[in-house]
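> fold the stuff below for me.
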Amino acid sequence: MVRLEYKMFDRSLSVSVHSLDYPSHILGFVSRHRTFYKTRLQPVLATRPSSVLLHTDDSGKFLESKNKSGLDTASLGSDTLLKQANTIGIIGGLSVDSTLNFSRKLVQQSDGENCPPFVLCSDPVLSKELLLHERNSFSSISGKSEHAQLNPTLIVENLQSKRAFLEKSGAQCIVMPCHISHTWHDEVSKGCSVPFLHVGECVAKELKEAKLKPLEAGSPLRIGVLAMNATLTAGFYQEKLQREGFEVVLPDKATMEHTVIPAIDALKRKDMEGAQNLLRLALQVLLVRAVITVILASDDMRDLFPRVDPLLRKCIDPMDLLARSTIKWALSADKGT
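Below is the predicted model of the structure:
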């Protein structure tokens, strides 16, 4: 049996996994900058399963861990890891940092000790595929062709395998804290036996329920969207927002060419100050066009700004809303509603 405990300190998250069936004790510290893990062999008191984090190797296979009885964690997909009605399944995305950041949001929004159980799949192979897709999309608008073409079918199949594993592991709701992965949400969620939350729907629904008023009397409710080109091209934020009656404002061609693309170039060169200044201009252009708020659908872009930045306060982090919707679902499931 497995128990995952959380402790919050200095804006960090302490995660410990205790096991009798698996004789390893893993302690991880997640901070804004890096993650540290320490492992030692030490059987401890087993309790009812709470949360499990599963990681794959570079070949995409789940890492194996055997105890004296020969039990193999790679075979756990054929049995239910967690049996609680409010168990969440999380499919990792573009980076481990963004995936762990979403897990932290779940803990923070559920007051830590009341965090619902979850199973998290982190796959470096999938991360590399998504990153290549993002770079190919960037190359298409910048006129560069420095990356090999990638068959999106491989990404879809990878995401589908993660979804199936999480269902077998006992997940009663599945989420993908990754903007680009939602490009294929329809294909991945098809045939899913449990609710599969969509970040775009969570954002659109919450904005609708907020009963916002336009900045100018008589004008439509305008919502800006700023993201990497792969996410903008996928169009799911635009679709979900328009369905709720919002007018969506995207960066125009000049803004993309003179601020967004150069900002991405600056990010690649590790010129954080230059990237921040360029993206600040892009955000200001959107706000000048009478948008109520800007959906900043890129973890890389968002991380460029300090949390107290006044401009950032005019933006929405979609992952905050996805985490909030996930917690709402878990609370309802826990109450049997």
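> and Lys213, how many neighbours?
For Lys213, the count of nearby residues is 9 (other CB atoms under 10 Å). For every residue, glycine as well, the C-beta is placed using N, CA and C.
> contacts only, for it.
Applying CB atoms under 8 Å, 6 or more residues apart in numbering, we find Lys213 in contact with Leu221.
> if I look at it, how far off is Val248?
Taking CB to CB, to the nearest Å as the measure, Lys213 falls 17 Å from Val248.
> swap in Gln109?
For Gln109, the distance to Val248 - CB to CB - is 27 Å.
> Arg222 against Phe246, yeah?
Yes. Shown here, Arg222 and Phe246 form a contact pair, counting by CB atoms under 8 Å, at 7.2 Å.
> burial measure for Trp329, as a count.
When neighbours are counted by other CB under 10 Å, Trp329 registers 18.
> which helix or which strand is home to it?
If you go by DSSP states H and E, Trp329 is part of helix 318-334.
> equivalent analysis for Thr233, please.
In this assignment (DSSP H and E), Thr233 forms part of helix 229-234.
> next one: Gly200
helix 199-209.
> OK, contacts around Ala171?
82, 87-89, 118-119, 194.
> columns pLDDT on top of these, output as JSON lines?
Output for these, formatted as JSON lines (pLDDT from 0 to 100):
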{"residue": "Leu82", "pLDDT": "81"}
{"residue": "Thr87", "pLDDT": "95"}
{"residue": "Ile88", "pLDDT": "97"}
{"residue": "Gly89", "pLDDT": "97"}
{"residue": "Phe118", "pLDDT": "94"}
{"residue": "Val119", "pLDDT": "94"}
{"residue": "Val194", "pLDDT": "97"}
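> centroid-nearest residue for this protein?
The chain has Pro177 as the residue nearest its centroid, 1.6 Å off, counting by CA atoms, centre = their mean.
> pLDDT at the nearest residue in space to that one that is not next to it in sequence, what is it?
Nearest non-adjacent residue to Pro177, counting by CB to CB, 6 or more residues apart in numbering: Phe102, 3.4 Å away. pLDDT, the model's per-residue confidence, is 96 for Phe102.
> CA atoms only: put stretch 210-229 into PDB for me.
Output in PDB follows, covering the C-alpha atoms of stretch 210-229 (Å, rounded to 0.1, in the frame of the first residue of the first chain):
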ATOM      1  CA  ALA A 210     -18.100  35.600 -13.400                       C
ATOM      2  CA  LYS A 211     -20.700  37.800 -15.200                       C
ATOM      3  CA  LEU A 212     -18.000  40.200 -16.500                       C
ATOM      4  CA  LYS A 213     -18.900  43.600 -18.000                       C
ATOM      5  CA  PRO A 214     -17.200  45.100 -21.100                       C
ATOM      6  CA  LEU A 215     -14.700  47.900 -20.600                       C
ATOM      7  CA  GLU A 216     -16.700  50.100 -23.000                       C
ATOM      8  CA  ALA A 217     -20.500  50.300 -22.800                       C
ATOM      9  CA  GLY A 218     -22.200  48.600 -25.700                       C
ATOM     10  CA  SER A 219     -19.000  46.700 -26.800                       C
ATOM     11  CA  PRO A 220     -18.700  42.900 -26.700                       C
ATOM     12  CA  LEU A 221     -16.900  41.000 -24.000                       C
ATOM     13  CA  ARG A 222     -13.400  40.700 -25.300                       C
ATOM     14  CA  ILE A 223     -10.900  38.100 -24.000                       C
ATOM     15  CA  GLY A 224      -7.300  38.200 -25.200                       C
ATOM     16  CA  VAL A 225      -5.200  35.000 -25.700                       C
ATOM     17  CA  LEU A 226      -1.400  35.000 -25.800                       C
ATOM     18  CA  ALA A 227       0.400  31.700 -26.200                       C
ATOM     19  CA  MET A 228       2.900  29.800 -28.200                       C
ATOM     20  CA  ASN A 229       1.900  29.400 -31.900                       C
END
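> please identify the buried residues of it?
For stretch 210-229, a neighbour-count test (16 or more other CB atoms under 10 Å) marks 221-229 as buried.
> what helices or strands is the helix or strand harbouring Ile174 leaning on?
Element membership for Ile174 (DSSP H and E) is strand 173-175. Taking 3 or more CB pairs under 8 Å, 6 or more residues apart in numbering; DSSP states H and E as contact, the helices and strands that strand 173-175 lies on are strand 88-91, helix 152-168, helix 318-334.
> and with 7 Å instead?
strand 88-91, helix 318-334 (3 or more CB pairs under 7 Å, 6 or more residues apart in numbering; DSSP states H and E).
> report how many residues lie close to the residue nearest to Lys105 when sequence neighbours are not counted.
The shortest distance from Lys105 to any non-neighbouring residue, by CB to CB, 6+ apart, is to Ala323 (3.9 Å). By other CB under 10 Å, 25 other residues sit near Ala323.
> now Met319
For Met319, the neighbour count with other CB under 10 Å is 22.
> for Pro195, list the residues it contacts.
173, 329 (CB atoms under 7 Å, 6 or more residues apart in numbering).
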